[in-house]
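Sequence first, predicted model second:
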Amino acid sequence: MQRRKFIKKALTGLPVILLTPTILGGCSKKEDNINPSDKTVVVIGAGISGLAAAKKLTEKGFTVVVLEAQDKVGGRLRTNNTLGVAFDEGASWIHGMDGNPLTTLAQEAGMTTAETVDDQADACYDMGGVLRSPSVYTTAEATLYNILDTLMNSGNANQSFETVFNSLYPGYATDRLWQFFLSTYITFDTGDLNKVSSLLYNEGEEFGGIEKIATNGFDTIPKYLANGLNIQLNQRVSKIDYSSSKIKITHNGLEREADYVLVSVPLGVLKANSIQFTPALPIAKQTAIQKIGMNCVNKFLLTWNLPFWDNTQYIVYTPNIKDRFNYFVNVNKYNPSANALMTFAYAEYARQSETLSDAQIISEIMVHLKDIYGNGIPNPTNMVRTKWQSNENSFGAYSYTAIETEMRHFDDLAEAIDDALFFAGEHTNADYFSTAHGAYLSGIREADKIIQLL
Ligand SMILES: Cc1cc2nc3c(=O)[nH]c(=O)nc-3n(C[C@H](O)[C@H](O)[C@H](O)COP(=O)(O)OP(=O)(O)OC[C@H]3O[C@@H](n4cnc5c(N)ncnc54)[C@H](O)[C@@H]3O)c2cc1C
């Protein structure tokens, strides 16, 4: 699935170098003749944003320590290989290869990829296993793109996407194919339709060009970035005291000092107040933390001894229930040794799914697959799944523009405090929030800010 295909703009191929300098303006406190190795930077979080910053600062000569709560690096770039196939629990796709900094990084890191082409129209099933006509599918999809191009013109700061869409297009509200489109094109990328902003649902951008899915694991990138860095695992930061020139960081009951601190923990962690800041964060930042939404998406990988499904990249199913198991990625298509399907749950249902047992989840998925392929299909041999909402290291999947979100809120999250406390992460990137490339660029941006202080 090309996430946000509908908002891909003519920005394609814009060199990365153009994307960073605009953000550097806020740094003013310049120190004379400072040797970077005399300056200690503590980076909190070893996701792609924190690692990108730590690598750049280490290469520049700073004394850098990364504190990571988990026992491995990568954060939301996390690959589970327990079923013998690389299952990316977080990001799977590089969204647009042209001009995307991850394109080169993936090559350097040894990440193998496969192009995914949207061919859902060829295997789109209605209830009862009725194959939908590809032309009906593609016509509805084109109509949706047109609607999405203009819906924000009828949007309102206090109204959700769902309210505005349903009032303009009441006929589509109950149509199963339209429910599928809204679920996989909007809810998957952003959040619950009744919470997504009717004005800003189209914000957050991809690069242009083809989409590629990681085939040997997206975690190759963080592992590559982490090489040679000073990373301390299993270190959960609970307090940051930036009331004096040396910042005090408490982790696992220990305290350490730093000249600069880069906070790269997810928005969900900031929302949960898992880290106590002294003094409290500025009001603008607190407001932004509250107003920007945090979506939940869960992923499920199921394996079989033999494939029984269509030999297409994607299989679509349009049930009455929303936001669950309506879209299957055929892993076999890009990994011929794996007889596996990957499927998803979004937003509120994703959160609810975390309370269900594996057996209950498999049973729900099999109801859909049996409706498509018949009762004779076998049960899966195994399943692995994610629970991003209850994961204390993220409390959700990625940020989105909720009803009261304003674009300046992303900039407020990125704003440094006293040229000492810095913030990175996908949620701090107004142009590319919710993506791996957005997170990466935010880390580079913050490293540049610190380097500018020399
Ligand atoms: C299900 C899912 C699907 C996705 N699909 C895609 C996709 O296909 N393409 C794409 O481009 N993007 C996708 N994304 C988004 C992408 O994965 C993220 O935007 C990106 O990985 C975020 O990187 P980050 O550095 O901002 O945060 P993270 O990777 O979350 O890193 C933050 C780190 O901080 C650590 N941490 C948290 N609290 C503390 C603490 N108190 N002390 C110390 N450390 C702490 C965490 O353990 C984590 O390692 C997806 C995400 C999810 C969850």
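Yes, it's here. Numbering: from 1, shown residues only.

Please count neighbours and contacts with C-alpha atoms only from this point.
Noted.

quick one: residue 223 and the ligand, what's the gap?
Using Cα to the nearest ligand atom, to the nearest Å, residue 223 is found at 12 Å from the ligand.

which ones are touching residue 292?
The neighbours of residue 292, taking Cα atoms under 8 Å, 6 or more residues apart in numbering as the test, are 399-402, 404-406, 409-410.

Which residues of the stretch 251-400 of the chain lie near the ligand?
Remark: the part of the stretch 251-400 of the chain in contact with the ligand comprises 264-266, 269, 275, 297-298, 393-394, 397-398, using Cα under 6 Å from any ligand atom.

Farthest pair within those residues?
Farthest-apart pair in these is 275 and 298; separation 25.0 Å (Cα to Cα).

Mind checking which of those two has more residues around it?
More neighbours surround residue 298 than the other of residue 275 and residue 298, with 25 against 18 (other Cα atoms under 10 Å).

quick one on the thing from earlier: redo the residues of the stretch 251-400 of the chain next to the ligand as TSV? Include pLDDT.
Output for those, formatted as TSV (pLDDT from 0 to 100):
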residue	pLDDT
264	99
265	98
266	98
269	98
275	98
297	98
298	98
393	98
394	98
397	98
398	98
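
Find the residue ranges of the stretch 101-250 of the chain scoring beneath the pLDDT cut-off.
119 (pLDDT under 70).

Surely residue 408 is in a helix?
Yes. Counting by DSSP: H, G, I helix; E, B strand; the rest coil, residue 408 is located in a helix.

ok, back up a step: tabulate the residues of the stretch 251-400 of the chain next to the ligand (TSV), appending secondary structure.
Shown next, in TSV, are these (three-state DSSP):
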residue	secondary structure
264	coil
265	coil
266	coil
269	helix
275	coil
297	strand
298	strand
393	coil
394	coil
397	coil
398	strand
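
residues from the stretch 101-250 of the chain in reach of the ligand?
Within reach of the ligand by Cα under 6 Å from any ligand atom, the stretch 101-250 of the chain has these residues: 235-238.

could you dump the contacts of residue 292 to TSV with pLDDT, distance to residue 86 and neighbour count?
TSV is the format used below for the contacts of residue 292 (pLDDT from 0 to 100; distance: Cα to Cα, whole Å; neighbours: other Cα atoms under 10 Å):
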residue	pLDDT	distance to residue 86	neighbour count
399	98	25	25
400	97	27	27
401	97	31	28
402	98	32	29
404	96	38	23
405	97	35	22
406	97	37	18
409	98	35	25
410	98	32	24
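
Can you tell me which of those residues lies closest to the ligand?
Proximity of these to the ligand (Cα to the nearest ligand atom) peaks at residue 399, which lies at 8.1 Å.

Need the three-state assignment for that closest one.
Look at residue 399: counting by three-state DSSP, its state is strand.

Quickly list what it is bridged to.
Beta-bridge pairing for residue 399 (DSSP bridges): residue 294.

mind giving me the domain split of the protein?
Here the domain parsing of the chain from automatic domain parsing is 5-78+216-293+399-452, 81-98+115-203+294-385.

looking at the ones you listed, which is closest to residue 210?
domain 81-98+115-203+294-385 (5.3 Å).

start to end distance for that closest one?
Across domain 81-98+115-203+294-385, the terminal residues are separated by 12 Å (Cα to Cα, to the nearest Å).

How far off centre is that domain?
Centre-to-centre, domain 81-98+115-203+294-385 and its host chain are 16 Å apart (Cα atoms, centre = their mean, to the nearest Å).

hang on, the earlier thing: and the two most separated of the residues of the stretch 101-250 of the chain next to the ligand?
Between any two of those, the greatest separation by Cα to Cα is 9.4 Å, found for 235 and 238.

quick one, which of the two is more surrounded?
More neighbours surround residue 235 than the other of residue 235 and residue 238, with 20 against 16 (other Cα under 10 Å).

How about the contacts made by that one?
Residue 235 makes contacts with 67-70, 251-252, as judged by Cα under 8 Å, 6+ apart.

Among the residues you listed, the buried ones, what's the ChimeraX command?
To isolate the buried ones among the contacts of residue 235 in ChimeraX, judged by 16 or more other Cα atoms under 10 Å, type:
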select :67,68,69,70,251
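
need the contacts of residue 235 in CSV with pLDDT and secondary structure, can you?
CSV is the format used below for those (pLDDT from 0 to 100; DSSP: H, G, I helix; E, B strand; the rest coil):
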residue, pLDDT, secondary structure
67, 98, strand
68, 98, coil
69, 98, coil
70, 98, coil
251, 98, strand
252, 96, coil
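
can you put the contacts of residue 235 in CSV and add distance to residue 244?
Shown next, in CSV, are the contacts of residue 235 (distance: Cα to Cα, whole Å):
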residue, distance to residue 244
67, 21
68, 24
69, 25
70, 29
251, 18
252, 21
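
any idea which of the contacts of residue 235 is the one closest to residue 452?
Nearest to residue 452, judged by Cα to Cα, of these is residue 67 at 23.1 Å.

and that closest one, what are its bridge partners?
Going by DSSP bridges, residue 67 forms beta bridges with residue 44, residue 232.

That one touches residue 238, doesn't it?
No. Applying Cα atoms under 8 Å, one finds residue 67 not in contact with residue 238, separated by 11.2 Å.

Sketch out the helices for the stretch 101-250 of the chain, chain order is fine.
Assigned by DSSP state H, counting those that start in this stretch, the stretch 101-250 of the chain shows helices spanning 101-109, 134-150, 161-168, 176-181, 220-226.

Of those helices, which is nearest residue 332?
Here helix 220-226 is closest among these (Cα to Cα), at 20.7 Å.

tell me which strands and helices the closest one is in contact with?
For helix 220-226, the packing partners by 3 or more Cα pairs under 8 Å, 6 or more residues apart in numbering; DSSP states H and E come out as helix 48-60, helix 101-109.

ranking those helices by burial, who's on top?
Highest mean neighbour count of the helices and strands packed on helix 220-226: helix 48-60, a mean of 25 (counted as mean count of other Cα atoms under 10 Å).

And that helix, what does it pack against?
Helices and strands touching helix 48-60, by 3+ Cα pairs under 8 Å, 6+ apart, are strand 40-44, strand 63-67, helix 220-226, helix 436-452.

residues in contact with the first one?
Same thing as strand 40-44. Applying Cα under 8 Å, 6+ apart, the external contacts of strand 40-44 come out as 50, 54, 62-68, 237, 258-265.

Then the second one?
Where contact means Cα under 8 Å, 6+ apart, the residues beyond strand 63-67 that reach it are 36-46, 50-51, 54, 57-58, 229-237.
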